[in-house]
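Enquirer: The following block contains a protein sequence and its predicted model.
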Amino acid sequence: MRPDALPDGRDGWRESVPPLLAEIADAAAQTLREVAGMESAQADYLGYQIMRAIAQHVGGAQVYIPKADSIARCARDEAIWRDFRGHNTRELSRRYGVTEIHVYRIVKRMRETERARRQDRLQLDDDAAATDCNFRNRR
């Protein structure tokens, strides 16, 4: 299918999908234009196709999508966990812009997550273990 083959032209399909799906298609298209430098018609077509794939994959389910800043916090927390040596909390707090107490909290949470992941592997012997940044267990 060509980029200009969207149902009912560029915007006609929007009336047949829930507004959230239209927003997903628009966000995907905008990202393709900005990040990949893609031409507008092709980005719109791929945004539509991405929206359809998401709807097909998780359609009917209630899905929680964390805010983008939580993804950045997760990356920061994983970096702190990776760089933690037990005696460098002051350095890490300065490097990552958090208090020393917060470094300790992050390390504690990551240690617990790692322990749970290892125990799941021992008990279940499969890949169903928790990840280092498990959003389901976040408060």
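Expert: Cool, the structure landed.
Enquirer: From now on I want contacts and neighbour counts done on CA atoms only, so please keep to that.
Expert: Will do.
Enquirer: Not including adjacent chain positions, what is the nearest residue to W81?
Expert: Of all residues not flanking W81 in the chain, V107 sits nearest, at 5.7 Å (C-alpha to C-alpha, 6 or more residues apart in numbering).
Enquirer: That neighbour: which element?
Expert: Taking DSSP states H and E as the definition, V107 sits inside helix 100-124.
Enquirer: Okay, the residue nearest to W81 and A36: tell me how far apart.
Expert: 36 Å (C-alpha to C-alpha, to the nearest Å).
Enquirer: Have a look at those two and say which one is more surrounded.
Expert: V107 (20 against 10; other C-alpha atoms under 10 Å).
Enquirer: For the more buried one, which residues are in contact?
Expert: Listed by C-alpha atoms under 8 Å, 6 or more residues apart in numbering, the contact set of V107 reads 80-81, 84.
Enquirer: again, 10 Å this time
Expert: Listed by C-alpha atoms under 10 Å, 6 or more residues apart in numbering, the contact set of V107 reads 77-78, 80-82, 84, 86, 89, 101, 113.
Enquirer: Tell me the confidence at it?
Expert: As predicted, V107 sits at a pLDDT of 97.
Enquirer: With R136 instead?
Expert: At R136, the pLDDT value in this model is 48.
Enquirer: how much space between M51 and I71?
Expert: 21 Å.
Enquirer: This completes my enquiry, with thanks.
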